[in-house]
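Provided below for reference: sequence and predicted model.
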Amino acid sequence: MSLSTRRRILALRRAALIAATVLRGRAQAGAWALHEVLRFGPTLIRNSSLLGPVAKSFQACGNEVWLTIDDGPTPDQTPLLLDLLGRHGARASFFAVGKNVEANRSHTLENHSYSHPSALFWSLPCCVLDEEIGRCSHAIRVATGTAPTWFRSPVGHTNSCVHPAAARAWLRLAGWSADGRDGIPGSTPQAIAKRLLAGVRPGAILLLHEGAGRRSAEVLDLLLQGLDARGFRCVIPRLHDAA
């Protein structure tokens, strides 16, 4: 075999080795990318059950819905909401931010984390989630004498640590089936109430928020009028009836 032929063979072998290395690297990169998508993708989906069970409805006795209100209590809005609920004979669950908890509540008070770190909650490690959930439950117990039974993640995002952390605190995760999307800029109370009413059915879980810049009392007034007109009652389901 001539020298030039041996050189050509060596060159071809080197090229084949380089190509195999590149392809193997791409395959590994592709597998890594798929792993990361499967690992972190579900954490960015609101109200997702991909990482564990999240209650999005309940077993109703007739025309019943579960009204849930996030992010309170707030000194300017919570009293108005409670007054409206009382006037309509409606009950609701307030998913409270622990640092905002007040002592006097006539409806159930549930866990919505201690500091509501909405921008980063999906990425928090297990130890931080344990603290966020534990401190909120403690604040609710101190304020009301009753421990919460439900937890809702800020913005509805969960990661692989959320369900175990909630379970350690003896909490179930609550989602929703009807969202007024009251955080959309420029949404009127009429538009928010209309979106919520569009999702009303027996056993629906309705999601509303209170907080700075929100016209929550106006939305709730319209919503309760709409529910009354349709013959629906706002109730708090038993824990084992929600699914």
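All right, it came through fine.

Could you find the closest non-adjacent residue to the residue positioned nearest the centre of the chain?
In the chain, the C-alpha nearest the mean C-alpha coordinate belongs to Gly156, at 1.4 Å (CA atoms, centre = their mean). Take Gly156 and drop its neighbours on the chain: the residue closest to it by CB to CB, 6 or more residues apart in numbering is Arg46, 3.9 Å away. C-beta coordinates here come from the backbone N, C-alpha and C atoms, glycine included.

Let me see the contact set for that neighbour.
Residues counted as contacts of Arg46 (CB atoms under 8 Å, 6 or more residues apart in numbering) are 155-157.

And the nearest residue to Thr74 once chain neighbours are set aside, what's its pLDDT?
If you skip the residues right next to it in sequence, Thr74 has Glu210 as its closest partner in space, 5.3 Å away by CB to CB, 6+ apart. Looking at Glu210, its pLDDT stands at 94.

try Ala20
In this prediction, Ala20 carries a pLDDT score of 49.

Report the buried residues of stretch 209-228.
Of the residues in stretch 209-228, those scored as buried under the neighbour-count criterion (16 or more other CB atoms under 10 Å) are 209-211, 214, 216-224, 227.

Just the C-alpha atoms of it, please, in PDB.
Taking Å, rounded to 0.1, in the frame of the first residue of the first chain, the C-alpha atoms of stretch 209-228 are listed here in PDB:
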ATOM      1  CA  HIS A 209     -57.800  38.000  43.400                       C
ATOM      2  CA  GLU A 210     -57.700  40.900  45.700                       C
ATOM      3  CA  GLY A 211     -54.900  43.400  46.100                       C
ATOM      4  CA  ALA A 212     -53.500  46.700  45.000                       C
ATOM      5  CA  GLY A 213     -54.900  48.100  41.800                       C
ATOM      6  CA  ARG A 214     -57.700  45.500  41.600                       C
ATOM      7  CA  ARG A 215     -61.400  46.400  41.600                       C
ATOM      8  CA  SER A 216     -62.200  43.200  43.400                       C
ATOM      9  CA  ALA A 217     -65.300  44.300  45.200                       C
ATOM     10  CA  GLU A 218     -66.900  45.400  41.900                       C
ATOM     11  CA  VAL A 219     -66.000  42.100  40.300                       C
ATOM     12  CA  LEU A 220     -67.400  40.100  43.200                       C
ATOM     13  CA  ASP A 221     -70.600  42.100  43.200                       C
ATOM     14  CA  LEU A 222     -71.200  41.300  39.500                       C
ATOM     15  CA  LEU A 223     -70.200  37.700  40.000                       C
ATOM     16  CA  LEU A 224     -72.500  37.100  42.900                       C
ATOM     17  CA  GLN A 225     -75.400  38.800  41.100                       C
ATOM     18  CA  GLY A 226     -74.700  36.500  38.100                       C
ATOM     19  CA  LEU A 227     -74.600  33.400  40.300                       C
ATOM     20  CA  ASP A 228     -77.800  34.300  42.000                       C
END
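
So which bits of the helix or strand that contains Gly134 are buried?
Element membership for Gly134 (DSSP states H and E) is helix 126-144. Taking 16+ other CB under 10 Å as the neighbour-count basis, helix 126-144 is seen to contain the buried residues 129-130, 132-137, 139-140, 143-144.

how is this protein carved up into domains?
3-44, 64-241 (automatic domain parsing).

In this protein, what residue spans correspond to strands?
In chain order, the chain shows strands spanning 64-70, 92-96, 108-111, 150-151, 172-173, 178-179, 204-209, 233-234, with DSSP state E as the criterion.

Now tabulate the ones you listed in CSV and tack on distance to Leu120.
Putting the strands of the chain into CSV (distance: least, CB to CB, whole Å) gives the following:
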stretch, distance to Leu120
strand 64-70, 17
strand 92-96, 18
strand 108-111, 18
strand 150-151, 17
strand 172-173, 19
strand 178-179, 22
strand 204-209, 19
strand 233-234, 32
